[in-house]
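Chemist: structure for this input, please:
(2 chains)
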2 protein chains.
Amino acid sequence: MTQALYDNNGRELWSNGDEQTMVRIEAKETEHPNWSIHYLKPEHHDPVPSDIAISRAQPPKDVEQVAREVGVLPEELDPYGRKKAKVSLDVLKRLQHVKNGKYVVVVGITPTPLGEGKSTTSIGLSQALGPHLHKNVFTCLRQPSQGPTFGIKGGAAGGGYSQVIPMEEFNLHLTGDIHAITAANNLLAAAIDARMFHESTQKDEALFNRLCPQNKQGKRPLSAVQKRRLSRLGINGIDDGNLLTPEQRTQFSRLNIDPSTITWNRVIDTNDRFLRGIEIGLGPAEKGHTRRTQFDISVASELMAILALTTSLRDMRERISRIVVGSDVHGKPVTADDIGVTDALTVLMRDTVRPTLMQTLEGTPVFVHAGPFANIAHGASSIIADQIALKLVGENGYVVTEAGFGADIGMEKFFNIKCRYSGLEPSAVVLVSTVRALKMHGGGPPVVPGNPLKHEYTEENLELLEKGCNSNLRKQIENCSMFGVPVVVCVNKFATDTDAELELVVNRALAHGARYAAVSTHWSKGGAGAIQLAHAVVRATTAPGGNFKFLYPLNLSLEEKINIIARKIYGADGVEFSKEALEKLNCYTQQGFGDLPICMAKTQLSLSHDPTKKGAPTSNFIITSFFSLQRTQVDSGLGASLRLPRVNVR
Amino acid sequence: MTQALYDNNGRELWSNGDEQTMVRIEAKETEHPNWSIHYLKPEHHDPVPSDIAISRAQPPKDVEQVAREVGVLPEELDPYGRKKAKVSLDVLKRLQHVKNGKYVVVVGITPTPLGEGKSTTSIGLSQALGPHLHKNVFTCLRQPSQGPTFGIKGGAAGGGYSQVIPMEEFNLHLTGDIHAITAANNLLAAAIDARMFHESTQKDEALFNRLCPQNKQGKRPLSAVQKRRLSRLGINGIDDGNLLTPEQRTQFSRLNIDPSTITWNRVIDTNDRFLRGIEIGLGPAEKGHTRRTQFDISVASELMAILALTTSLRDMRERISRIVVGSDVHGKPVTADDIGVTDALTVLMRDTVRPTLMQTLEGTPVFVHAGPFANIAHGASSIIADQIALKLVGENGYVVTEAGFGADIGMEKFFNIKCRYSGLEPSAVVLVSTVRALKMHGGGPPVVPGNPLKHEYTEENLELLEKGCNSNLRKQIENCSMFGVPVVVCVNKFATDTDAELELVVNRALAHGARYAAVSTHWSKGGAGAIQLAHAVVRATTAPGGNFKFLYPLNLSLEEKINIIARKIYGADGVEFSKEALEKLNCYTQQGFGDLPICMAKTQLSLSHDPTKKGAPTSNFIITSFFSLQRTQVDSGLGASLRLPRVNVR
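Modeler: So this is what the prediction gives:
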């Protein structure tokens, strides 16, 4: 029973034997005209070669052909080389009358440190829906960071016979979005320190003269961004800085940033541990204005989150203007617009707003767009890419996207943050699980990257597996179901998994509430290995929807919202806030950010706060404090969610 | 006499009146088939609008059309959007039988802080040679850094009616080369600190196990880069790390970098003063392994210099492998290859090796490629772009390129470093001068950016002007002539310049040895304003060449080579080396880098070391020490020149 599809009565719907029949049945159900698309048929080898060898062995179609096939017009396409291209947001306007396709999000159980194959499953599922089930299908993925790409983890193009190609172009610079974000982030960071330096070394009049110099006609013309700052200070209708009183000039010129409140760090897309804690301003020209700060990885930046959540260039510009970089000495938020860099940041990020078109190994279209990490940020690819893809596939088509880390983190934020801002309702959740990870949750020995797997993982062990199914798999299915969306469990098969093991997972998944469960072999067989999964997804999404709901309403307090996530999703007994955490939450509420959704940050290796606690820990943990709030920031720019990074709990 | 061309007997060859005649004469001289090219005719306005308004008013041709017009094949082109494209080095192989065109380098007299218009002249000259003189012409420029672009200076696309369009695409991310360099540079920097950390916290055996782990078959396979390191240690023919003795394992694993010798800094392409002096490693995980270092601007990095000087991807890889990051505790150089990152850096920089095709406001082709600063690096665009362009224009065509800062810096390095490595012989030098700068050299008041010009600069003042001509202009013409290449002086006309002033500069230029001198109004009139200059360049380059010579042979000692540059080019009486400088020079000589050319770094605002000394200071200064050698590095990667940055002299 290497490949089988089950409904939630445990009845086998379909197995390898009658593939052709099923494909024909499914094809009849489709009324919407399909794309005329040339699928690629990569030659398969056993044993499966390395990812890079597979990628290089299959020449991709010219990206202009891919665009033509999926209905993107030539004037909506900007090729970057021959294998990738940016797609214009004009598609959205042109196709506004078209109904959206089905929206499928791929999530995971709590993973081992090796990962359980969400990206590979997203791609494999798409390769089954397209070439085999003749559906229009788009895969929407995140752009990988060069941090992991040049570390142990490696790239993020999928793997085996379920990949985005060419792998190097996907994993390296792509179309430059992360570099643009890095440049924009660091321009703002430099402007903050330069501003504090000039405010502390210059008198009021000199400072005002610099910001607002007199021209030949004796006037001091004010720019649009300067007028907006005056307006926030309650001063309106003034075009000439000469008309400001000395007090107003001081108010205008001095941001009075409290350095201890700055939450805007510099970023770099390199895994550079020595930049995690640095002291800056040690050069002689900075006259002793040193400051302790840090570099974050670019993909964890607020600008990356903004890109992922924005809906247009104009919207991005407004979110950038609202970015809060810290507070002034009176506790008021200081924004990027106060610093005066809104337009500079927007022009640097101008091209990032368009998603990048690529293709899978079997020639189905892929959007790669935005890449926020799931630990500190919300961990999902862009709203814009999903929106464009949903129009391009049409009412009977499919968009497959992914939420980072385990369902307790990535999926929770996908629903409560991304779907809340996009207004898009997911049609189904695919929950990826592996026998390996479930054995670990059942009490198997630790899985350590670089070390060989222990025998529990390479030999049949139904006892450990069942315990894992009844703890982590059960809880993560429950987490998915809380949002009112049908759950399809995908068992991502590894070579050492036995039939009895696979059958056990399928049975337990159905027993714990999955609508369907399917074993999938897309890594070794490509789309052909995910046909049952694809059928399950098609069936799950043809059931009437409309039950989607958020976990919490926005009008609860920040504390209440955090409490709900911790109790309902993580299974905690409750949250005890440290004094520092409560002060910060009060500050953000007073600053007017109390009605934002919460962007939680915690380990992906456990449902709890402790990466060593596997399965589904419950009464034995309580989230007792947030003691690492220095990276916390109010993402007004993000449009916005309140980020409370790293739920560092005892 | 706003537009006139003079030979070196002061005879007026041509003036506005008989433009048509001259164009016909020149056209007859051309035997090589011309490109069939659609020139753009931007509408001209008076007063001249802002640069960005001019750029936006003229729609560029699709870059695929530009490529077609100049003979680049579709398969040799990778578009990045519709207005810029990378061009494959395959052109060089395909056109290897074609004779190179004429090679013209645009340089400048010692500038005011406002700049005297070298880029604008390069573009204006090209716009005259193409649309007006019907020559095949390519302009080769540097990619601008985002540091100046977001600072007072602004972008580098030229100005007025002599620009590269679209200006935003030129000035912002272009095709991502600088970002790729930044990523590669910082990956090496992170690897250096991580390596030192691991060497200092781990025992020999553990370190060796990490570098060379045992596989399932019990072997320790060695990678290519590891075998190269062993080979440098004199250990050859070993495939399995198990065969190494304990002593060899220690030798292999421990680079023993002396932290005080590290010359490889992190880089960022943002003007961020607070990163000029930093302390890293303050995070708790780094266990107190802190280090004082700095961020440089990306364009001053050695990788940028490597890109500018390389001739192929393979050559770039070899130069990267030879990068010296510092010395070990025994004084031996430690290279990027020793760190093991040669391939990672090469893959990150893979796409940078191809130049980016754009166009001027009048539709002539432009290559933008590499952007090393002229202060710390050598300040010229890439050898590869020049090579490809020289083949594309053909024997009777022209390639116009530029050398940064004054001729004493950029041109000296263009000839002694860039031409030495490329083997290309320049056909003519265009020396750009302005009445404004020459008055400054004649004793005019300081020119300060942001402040209005003093009346000496806006009213006729022949006395100051003549003094400037007889000092700085004379000396810079002499500097150009030392290399045996004909000199054409271009007087870049400003609105306030009087006829008498322009005539004076032309006369003095010819008297001081220029082959031709021409007044040029390309900023306000585009190519039509540079027709005389173009005629002068055509005439200068039709004279038999072959007299090109370097300033010094490579086999002199480093001290002697520095001495020659300081005395002959700067006019110094000599060089006195500090003890520290001599020690470093000795160290580099002992390490085997004594036969490299010198990459000098000094102020561009004076021929001397002191930016306030204008004109042509001589016996009143002597270069007495190099006291800022901490940034000095041996650019073996650079292929290589010895960089002695910042000739900080008393």
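
Chemist: I'd say residue A:392 and residue A:138 touch.
Modeler: Yes: the criterion here is CB atoms under 8 Å, and residue A:392 meets it with residue A:138 at 6.3 Å. For glycine as for every other residue, the C-beta is placed from the backbone atoms N, C-alpha and C.

Chemist: mutual contacts of those two, please.
Modeler: With contacts defined as CB atoms under 8 Å, 6 or more residues apart in numbering or on different chains, the residues adjacent to both residue A:392 and residue A:138 are A:70, A:365.

Chemist: higher neighbour count, those two?
Modeler: Between residue A:392 and residue A:138, residue A:138 has the larger neighbour count (other CB atoms under 10 Å in any protein chain shown), namely 27 against 24.

Chemist: tell me the contacts of that one?
Modeler: Each residue near residue A:138 by CB under 8 Å, 6+ apart is listed here: A:70, A:101, A:126, A:364-367, A:389-390, A:392-393, A:397-400.

Chemist: other SSEs contacting the host helix or strand of residue A:413?
Modeler: When elements are defined using DSSP states H and E, residue A:413 is found to belong to helix A:412-413. On a contact count with 3 or more CB pairs under 8 Å, 6 or more residues apart in numbering or on different chains; DSSP states H and E, helix A:412-413 meets strand A:598-600.

Chemist: just how off-centre is the strand it packs on within its chain?
Modeler: Here strand A:598-600 is found 13 Å from its chain centre; the criterion is CA atoms, centre = their mean, to the nearest Å.

Chemist: sheet partners, orientation included, of it?
Modeler: Paired neighbours of strand A:598-600 in the sheet (DSSP bridges): strand A:642-644 (parallel).

Chemist: what's around residue A:454, how many residues?
Modeler: 15.

Chemist: from memory it sits against residue A:440, does it?
Modeler: No: if you go by CB under 8 Å, residue A:454 and residue A:440 don't touch, sitting 9.9 Å apart.

Chemist: measure stretch A:419-433 end to end?
Modeler: With CA to CA, to the nearest Å as the measure, stretch A:419-433 spans 23 Å from end to end.

Chemist: now the helix or strand where residue A:120 lies: mean pLDDT?
Modeler: Assessed by DSSP H and E, residue A:120 sits inside helix A:118-129. For helix A:118-129, the per-residue pLDDT values average out at 98.

Chemist: with stretch A:61-70 instead?
Modeler: 97.

Chemist: that stretch close to chain B?
Modeler: No: using CB under 8 Å from any CB of the partner chain, no contact is recorded between stretch A:61-70 and chain B, whose separation bottoms out at 9.8 Å.

Chemist: and that stretch, which residues are buried?
Modeler: Using 16 or more other CB atoms under 10 Å in any protein chain shown as the test for burial, stretch A:61-70 gives A:61, A:63, A:64, A:66, A:67, A:68, A:69, A:70.

Chemist: please apply the same query to stretch A:605-622.
Modeler: The neighbour-count check on stretch A:605-622 (16+ other CB under 10 Å) flags A:605-610, A:613-617, A:621-622 as buried.

Chemist: could you pull out the buried residues of stretch A:247-262?
Modeler: Residues of stretch A:247-262 classed as buried by neighbour count (16+ other CB under 10 Å): A:248, A:249, A:250, A:251, A:252, A:253, A:254, A:255, A:257, A:258, A:261, A:262.

Chemist: filter those down to the ones in strands?
Modeler: Judged by DSSP state E, the subset of the buried residues of stretch A:247-262 located in strands is empty.

Chemist: would you turn the residues you listed into CSV with pLDDT and distance to residue A:331?
Modeler: Rendered in CSV, the data for those read as follows (pLDDT from 0 to 100; distance: CB to CB, whole Å):
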residue, pLDDT, distance to residue A:331
A:248, 97, 21
A:249, 97, 23
A:250, 97, 19
A:251, 96, 16
A:252, 97, 19
A:253, 97, 20
A:254, 98, 15
A:255, 98, 13
A:257, 98, 12
A:258, 97, 8
A:261, 89, 8
A:262, 92, 14
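
Chemist: between the buried residues of stretch A:605-622, which is nearest chain B?
Modeler: The shortest gap between chain B and any of the buried residues of stretch A:605-622 belongs to residue A:605, at 17.9 Å (CB to the nearest CB).

Chemist: right, and the closest one touches residue A:449 too?
Modeler: No: using CB under 8 Å, residue A:605 is not in contact with residue A:449; the gap is 11.7 Å.

Chemist: so what sits against both of the two?
Modeler: residue A:113.

Chemist: could you point out which element follows the longest helix anywhere in chain A?
Modeler: In chain A, assigned by DSSP state H, the helix with the most residues is helix A:177-201. Past helix A:177-201, heading to the C-terminal end, the next element that is a helix or strand (DSSP H and E) is helix A:204-211.

Chemist: so how far is the very next helix or strand once past that next one from its chain's centroid?
Modeler: Beyond helix A:204-211 on the C-terminal side, the first helix or strand identified by DSSP H and E is helix A:224-232. Relative to its parent chain, helix A:224-232 has a centroid offset of 33 Å by CA atoms, centre = their mean.

Chemist: what's the answer for stretch A:446-464, then?
Modeler: If you compare the mean C-alpha spot of stretch A:446-464 with that of the full chain, they lie 30 Å apart, counting by CA atoms, centre = their mean.

Chemist: name the residues that touch that stretch?
Modeler: With CB under 8 Å, 6+ apart as the criterion, stretch A:446-464 contacts A:112-114, A:152, A:436, A:438-440, A:442-445, A:496, A:498, A:500-501, A:504, A:612, B:213, B:216.

Chemist: and that stretch, what's buried?
Modeler: For stretch A:446-464, burial by neighbour count (16+ other CB under 10 Å) applies to A:447, A:453, A:456, A:457, A:460, A:461, A:464.

Chemist: stretch A:586-603 now?
Modeler: By neighbour count, and taking 16+ other CB under 10 Å as the criterion, the buried residues in stretch A:586-603 are A:587-589, A:593-594, A:596-603.

Chemist: from those, which is closest to residue A:108?
Modeler: Taking CB to CB as the measure, residue A:108 sits nearest to residue A:603 out of those, at 14.1 Å.

Chemist: state the distance from the nearest residue to residue A:216 once chain neighbours are set aside to residue A:406.
Modeler: The spatially closest residue to residue A:216, leaving aside those adjacent along the chain, is residue B:452, at 7.5 Å (CB to CB, 6 or more residues apart in numbering or on different chains). Here the criterion is CB to CB, to the nearest Å. By it, residue B:452 lies 64 Å from residue A:406.

Chemist: list the contacts for the nearest residue in space to residue A:46 that is not next to it in sequence?
Modeler: Once flanking residues are discounted, residue A:46 sits nearest to residue A:524: 7.4 Å by CB to CB, 6+ apart. The neighbours of residue A:524, taking CB under 8 Å, 6+ apart as the test, are A:44, A:46, A:48, A:160, A:161, A:495.

Chemist: how does it look with 10 Å?
Modeler: Remark: with contacts taken as CB atoms under 10 Å, 6 or more residues apart in numbering or on different chains, residue A:524 is in contact with A:44, A:45, A:46, A:47, A:48, A:124, A:160, A:161, A:162, A:493, A:494, A:495.
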